[in-house]
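**Q** need a structure here:
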Amino acid sequence: MATRSVPNLSLEAAQIAAQAAQEKARSMGIDFNIALVDASLYLLHFVRMPNAKLTSIDIAVNKAFTAAGHRVPTSTYTTQTKNFLPGGPGYSIHNSNGGRFTLIGGGVPIEIEGTVVGAIGVSTGTPAQDTEVATAGVDAVYAWLRKKQGSKL
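**A** All right, here's what the predicted structure looks like:
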């Protein structure tokens, strides 16, 4: 076969994730930038809460890009810091993809039936706070899917 179908995160699912992430952010008392990409790694939905750092907009988008493209949470890279220092096997990876690849926690892939369909990237807080808010978004998508019992994204 010369072509293949790739499942993508829907706008509806992205909006559900963004809403849940905002609710988590409000409970923490912090405003965040929240970006969602689909499996193509392109921006699908974005929310900038009122006091989110303007310099974190691109960071949130790039966290989603990295998580979807590499199919792992960006926090994975923070535990492997020595690999990304000069002389390490992953040194300079942050310069790949036009500088969009990020090693900062806060990007979480959204996986359905073993396939990454997109990702959420969150930025403004610490990497741990960003990851917590992103995870709330992912969890909301999974809860929504369970209610729909297998409907397509």
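**Q** drop to CA atoms for contacts and neighbour counts, all remaining ones
**A** Fine.
**Q** any idea which helix is longest in the protein?
**A** helix 127-148 (DSSP state H).
**Q** can you tell me which residues contact Asp38?
**A** With contact taken as Cα atoms under 8 Å, 6 or more residues apart in numbering, Asp38 is in contact with Asn8, Leu9, Ser10, Leu44, Ala68, Val117, Gly118, Ala119.
**Q** need the contact list for the residue nearest to the spatial centre of the chain.
**A** Here the mean C-alpha position of the chain is nearest to the C-alpha of Ile120 (Cα atoms, centre = their mean), at a distance of 2.5 Å. Residues in contact with Ile120, defined by Cα under 8 Å, 6+ apart, are 17, 34-37, 63-64, 67, 107-110, 134, 137-138.
**Q** in strands, which of those residues fall?
**A** Restricting the contacts of Ile120 to those inside strands, with DSSP state E as the criterion, leaves Ile34, Ala35, Leu36, Val37, Gly107, Val108, Pro109, Ile110.
**Q** relative to Gly90, which of these is nearest.
**A** Set against Gly90, the nearest of those by Cα to Cα is Gly107 (18.5 Å).
**Q** okay but the closest one is in contact with Thr76, surely?
**A** No: distance between Gly107 and Thr76: 9.7 Å, which falls outside the contact criterion (Cα atoms under 8 Å).
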